[in-house]
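# Below: sequence and its predicted model.
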There are 2 protein chains.
Amino acid sequence: MSSQTFELLILGSSSASPTSERNPSAQLLNIAERFFLIDCGEATQIQLRKFKAKFQSIDHIFISHLHGDHFFGLPGLLSSMHLLGRKQDINIYCPKELKDIIDLINKFSDTRFNYKVNWIFTNDDGFNLIFEDDKVEVFSFPLKHRIFCTGFLFKEKPLLKKIDKYKLEKYNISNADIMLLKKGKNVINKDGELIKNELITFDSRKPRSYGYCSDTIFHEELTNYINNVDLLYHESTFLNDKKERAEMTFHSTAEQAAKIATQAKVKQLLLGHFSARYGNLEQFILEAKPIFDNCVLATDGKRISI
Amino acid sequence: MSSQTFELLILGSSSASPTSERNPSAQLLNIAERFFLIDCGEATQIQLRKFKAKFQSIDHIFISHLHGDHFFGLPGLLSSMHLLGRKQDINIYCPKELKDIIDLINKFSDTRFNYKVNWIFTNDDGFNLIFEDDKVEVFSFPLKHRIFCTGFLFKEKPLLKKIDKYKLEKYNISNADIMLLKKGKNVINKDGELIKNELITFDSRKPRSYGYCSDTIFHEELTNYINNVDLLYHESTFLNDKKERAEMTFHSTAEQAAKIATQAKVKQLLLGHFSARYGNLEQFILEAKPIFDNCVLATDGKRISI
C-alpha cells in the first residue's frame, strides 16, 4: 500500500440485464483523488449514491462501447450532475456515436447543461494515450466484440525518486537541485563536482496499473496492452459450459479470462460481467483458479485497493 | 372492492434526480390483468424486479413527456424484454420524438428487438382515446409543462347490469335474451310481451377510473379531464414555500394539487414527484389535507387498490 490512493469500487457486475443482486457494468476508479468512472450502465447514479461516492467529483467518464448495459445510465447521470449544480467540465471518452445520442436526448427535452462536455472519441487503431496529467495516464486499446469496443489501461506515472537527506549535506548539494535528483538526473554540487544520481537517491515503489477489458471474445492480442498490470478486470460472462455461446456472442469464459491473465503476467485478476443465468458466482473462481490463482469476483459494492 | 383487479403500484416517486429513498417517476397499473406502465424513469426495470412485478406482462407503456426522469429507464427495459425472450408486441404511447431516440440507440448498438413495437403518438389536441379493449379505455389529455406533456385517464368500461335470476323465470324470458338485459335493453318475452329492463336487472357497481397528471403547473382546465375519478395522481414537486419556483419550472405544490382534486371532485388524491430537497414527506400531507382531506403519498413500493 502507498499513501497515494489507488482504489476501485465496483458499481455493477452484471452483463446485459440487471438482476436483483447485480447492476449492469460500472466501476469507479480513484487514483490520487482523480475519479474515473468506467462504463455507466443503467442506475449507475443510484449505485454511486448507495455506495456513498461523491459523483460530482467525477471529471472523467470512459465508455467502452454502445451496448446499453454499458451506457444507459449516462443520460441520467449527466442530467443529475446538471440539476445538482455542476459547473466544471466533464470529459467523456467514448465511441463518437454516443455524442449523437446525448445531443438528441437534450434536444427533445430542451436541456442545455450548465457545464461543458469535452468529448474525446476512442478509435480501434491500437494503443492510444487518451488522458494524461502529472500523476496518471490512461490509454485505450481495441477489444474484439460484436460492435466497436475498447478497453482502458490506467497507469500511475513513474514516481519521483526518494532522496537520502543525510547525503545532500555530505555531498554539498544545493537545495535548488533536489528536483533534478528526484527526476533521476545527475547534478553539479556547490564545489563544482559531478554527483551521480545513484549516490543520493533510491527508487520509489513501482507505478501501479489497472487494465479494464469488457466486453471481448477470448483474444490473446490483448496481452500486448495489459502486460504486467497490477489488476486486470477481464469479463467472464460465461462459464466453460457455455463456451460456444461465449464465442458466438463475442464474450469470454472464466477459464479464458484466467488464460489471458496468465499470459499477460498480471498480479491479480478480477472477474465480472456475469450472465444473469448464474446465481452462485463461486463457480467462476473454481473455474479460473487452476489456471490463474490470484483471482477475485467483481460484486456490486466491492472495493479493491492496489 | 370488486373481483376485477384495479391496483396501482408506485415504482418511483422522485422528481428530476433519484434520491436514496425515491426513484424517478414510474407506476404500474393493473386493471383486470391488463398491465399498464405509466412513465419509465431510470431503473424502472430494477424496481419492477424489486417489487416482484412480472415485467413481461406489460403490453402497454405510456410516456407523459421527454424529460429524462420520465423515460430514461425505457431503453433498458425494452432491451431486457428483448434479451429475456419477449415475442409479443409492445405498445408505446408517447411523444413522437421518443421513437427517434430508441431507433438511434438500436442503430448504434446494432440491436433489433425480437418483438414488434407499436408506436402510438400522443398529441396536445384535447382529450383522445388512445387505447380500448373490452374492459378498459385510456385517454390522453394535455398538461401544461415546459415541454409537450400529456396526462392519462384510465377507465373501466361500463359494467354489464346484474340480473335477478328468479325474475327471469317469473317473466318467462328466453335465455337467449340475457345478454340484451345485461346491456340494459328491454326484451320481448316468450309470451310476446315487452319486459322493461328495470324489472329484471339492477346496476353493477360504477366503473372505476384513475387520472395521472405529471408534470404540470397549476392548471384548472385539467379538471375537465379528470372529473370524478376514483383516484387522481397529481404531481406536487414542491411545497408552498417554493410556490414561485413551482410556477417558474411549470410544476405544482401540494396545496395546488389539493385544489385541483377538490375542483374535480375526485375521491382520493395521490401526491408524488417530490423534489429531492424534501426529506420528510409528511409535510405534503399537512399542506394538502386542509383543502382536500382524502390524500395519500406516493412512495416507492406502495400499492393502492381501488
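Perfect, thanks for sending it.
# tell me which strands and helices the strand or helix carrying A:Leu129 is in contact with?
Using DSSP states H and E, A:Leu129 sits in strand A:128-132. Identification of packing neighbours for strand A:128-132 by 3 or more Cβ pairs under 8 Å, 6 or more residues apart in numbering or on different chains; DSSP states H and E yields strand A:90-94, strand A:136-142. Heads up, the C-betas are built off the backbone N, CA and C, glycines and all.
# Buried residues, that strand. List them.
Using 16 or more other Cβ atoms under 10 Å in any protein chain shown as the test for burial, strand A:128-132 gives A:Asn128, A:Ile130, A:Phe131.
# List the residues that contact the first one.
It stands for A:Asn128. With contact taken as Cβ atoms under 8 Å, 6 or more residues apart in numbering or on different chains, A:Asn128 is in contact with A:Thr122, A:Phe139, A:Ser140, A:Phe141.
# try 10 Å this time
Counting by Cβ atoms under 10 Å, 6 or more residues apart in numbering or on different chains, A:Asn128 touches A:Tyr93, A:Ile120, A:Thr122, A:Val138, A:Phe139, A:Ser140, A:Phe141, A:Pro142, A:Thr150.
# ok, those vs chain B, which is closest?
Chain B has its nearest neighbour among the contacts of A:Asn128 in A:Thr122, at 13.7 Å by Cβ to the nearest Cβ.
# thought the closest one was touching A:Phe131?
No: with contact defined as Cβ atoms under 10 Å, A:Thr122 does not count as touching A:Phe131 (11.3 Å).
# residues making contact with the lowest-mean-pLDDT helix or strand in chain A?
Lowest by mean pLDDT, DSSP states H and E among the helices and strands of chain A is helix A:165-170, with a mean of 90. Contacts to helix A:165-170, defined as Cβ under 10 Å, 6+ apart, come from residues A:Asp164, A:Ile173, A:Ser174, A:Asn175, A:Asp177, A:Ile178, A:Leu181, A:Asn189, A:Ile195, A:Leu199, A:Ile200, A:Thr201.
# from those residues, which is closest to chain B?
The closest of these to chain B turns out to be A:Ile178 (Cβ to the nearest Cβ; 48.2 Å).
# quick revisit: which of the buried residues of strand A:128-132 sits closest to A:Tyr115?
Distance to A:Tyr115 across the buried residues of strand A:128-132 (Cβ to Cβ) is lowest for A:Phe131, with 17.9 Å.
# Mind giving me the packing neighbours of the helix or strand hosting A:Pro75?
Element membership of A:Pro75 [criterion: DSSP H and E] is helix A:74-83. In this structure, helix A:74-83 packs against strand A:34-40, helix A:44-50, strand A:58-62, strand A:90-94, helix A:97-108, with contacts taken as 3 or more Cβ pairs under 10 Å, 6 or more residues apart in numbering or on different chains; DSSP states H and E.
# what's the model's confidence in that helix, averaged?
Average pLDDT, helix A:74-83: 97.
# Spell out which parts of the stretch 101-250 of chain A neighbour chain B.
With Cβ under 10 Å from any Cβ of the partner chain as the criterion, the stretch 101-250 of chain A meets chain B at residues A:101, A:103-111, A:146-148.
# Adjacent strands (with direction) for the strand holding A:Leu129?
Strand A:128-132 pairs in its sheet with strand A:136-142 (antiparallel), by DSSP bridges.
# Just the helices from the stretch 151-300 of chain A, written as ranges.
All helices of the stretch 151-300 of chain A, identified by DSSP state H, counting those that start in this stretch, fall at A:165-170, A:178-182, A:197-200, A:223-226, A:243-248, A:254-263, A:282-288.
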